[in-house]
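**Student:** Dropping a prediction and its sequence here:
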Amino acid sequence: MKREYIHLTNPFEIATKDSKAKMNVIASDHDSRLEIGIADPEILALYTPFNVEKNIYQNLMSQWLSVKGVSKGKTKSWEDELDVVTKTTIYIWEGKIFSVFPKNTATALEIFPNNKSPLTASKYEERLIALTAFHLTLGNYPELADLTIEVGEKVEEIKLLRKVQTEYFNRINLAVSKVEAQRKVLSKMCNNNLSTLKIKFCDNIDLVKLYFDFNLLRRNVNDNDAIFQFNGAVEAGTTFTVVLPEKLAISANASCIFTNQSALLDLQFFFSANGSAADNPVMTTVAANESVTGTAAESGWAPGANFLIVKNTGAVTAEFEGMMVAAGVTE
């Protein structure tokens, strides 16, 4: 097998091609290290374009993860509705049919040739097909006209939910393709910056380590461990504490999205080392029906802050949701 000469490979591409979260880890770390050195014009020249592309990547990651989260909800919606029909409503419909065509008569067997087994199949797609066929069969019997309309309306409702869910699958594919394209942009920029820094510090190559944590290249970063989604409801005049998972290694540059689902009041989000904290001078305020994207540092994160506090200073209960894309994962 032909192998590439190791010194001609891009180590950042190799390390991150199977983990989008890992690229976020490496890019966030490199960005922070470059920012510290921007007093040097040459470092500033590296930092400025890299920071722009890193921010683009994190925004695309957030959009992708948001669509993924919504898609899960849309999938559950149509599956739940189909479950209700094929596990509960079908027995009501069966009773209406048998009241006109008694069980085990020829007509009843035409409508239910395999009893109800196709409608209770294990796969949702098979059940939807069987339900559609059931509706078409009912159309052959004028005596069941009202039931035919009822079943038809339910079939169309489920198909519409299924269509929306399918559309979100397509959105996921589009979003993930954008993330992947931007991952390659950052991979190339990291490699170019490494080459530039090796030339700049050729007389003291150890200084290159100030701008990269090369251990991150070997770290195993699982996308699921690096992404944390949460939701809840906080009562009026109280706080709600979100405990961060142990595997989630938040850093100052971790990307955060906070969403206020209330239409009546603002919510405050801040990190704390104390799960019962009531305030933090650095916080993110999210207006009613709005979302705010920023870094963990902008919401008061500091080492040891393993809790996110959601504060409601209004007079009614408010729902919220959020997501964090960590800039590191514990070993």
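**Tutor:** Perfect, I can see it now.

**Student:** ok, the helix or strand of the chain with the lowest mean pLDDT: who's next to it in the sheet?
**Tutor:** Across the helices and strands of the chain, mean confidence by mean pLDDT, DSSP states H and E is lowest for strand 291-295: a mean of 83. Sheet pairing for strand 291-295, assigned by DSSP bridges, gives strand 255-260 (antiparallel).

**Student:** How about residues contacting the following helix or strand past the partner strand?
**Tutor:** With elements assigned by DSSP states H and E, the helix or strand that comes after strand 255-260 is strand 267-272. Around strand 267-272, the neighbours that count as contacts under Cβ atoms under 8 Å, 6 or more residues apart in numbering are 234, 250, 256, 258, 260, 277, 279-280, 282-286, 292, 296, 299-302, 305, 307-313, 318, 320, 322. To be clear about C-beta, it is placed using only N, CA and C from the backbone, and glycine gets the same treatment.

**Student:** tell me how far strand 267-272 is from the chain's mean position?
**Tutor:** Its chain's C-alpha centre and that of strand 267-272 lie 21 Å apart, by Cα atoms, centre = their mean, to the nearest Å.

**Student:** How about stretch 227-244?
**Tutor:** Averaging C-alpha positions (Cα atoms, centre = their mean) puts stretch 227-244 17 Å from its chain's average.

**Student:** Output that stretch as CSV, nothing but the C-alphas.
**Tutor:** The C-alpha trace of stretch 227-244 is given here as CSV (Å, rounded to 0.1, in the frame of the first residue of the first chain):
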residue,chain,number,x,y,z
ILE,A,227,-21.9,18.5,22.9
PHE,A,228,-24.4,19.2,25.8
GLN,A,229,-28.1,20.1,25.2
PHE,A,230,-30.5,20.9,28.0
ASN,A,231,-33.9,22.4,28.7
GLY,A,232,-36.2,23.1,31.7
ALA,A,233,-38.5,25.5,33.3
VAL,A,234,-37.6,28.0,36.0
GLU,A,235,-40.3,29.3,38.3
ALA,A,236,-41.0,33.0,38.9
GLY,A,237,-38.4,34.7,41.2
THR,A,238,-36.2,31.6,41.5
THR,A,239,-33.2,30.0,39.8
PHE,A,240,-32.8,26.7,38.0
THR,A,241,-29.4,24.8,38.2
VAL,A,242,-28.1,22.8,35.3
VAL,A,243,-25.3,20.4,36.3
LEU,A,244,-22.7,20.1,33.6
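
**Student:** Give me the buried stretch members for that stretch, please.
**Tutor:** 227-228, 230, 234, 239-240, 242, 244 (16 or more other Cβ atoms under 10 Å).

**Student:** farthest-separated two in those residues?
**Tutor:** Greatest spatial distance among the buried residues of stretch 227-244 (Cβ to Cβ): 227 and 239, at 24.2 Å.
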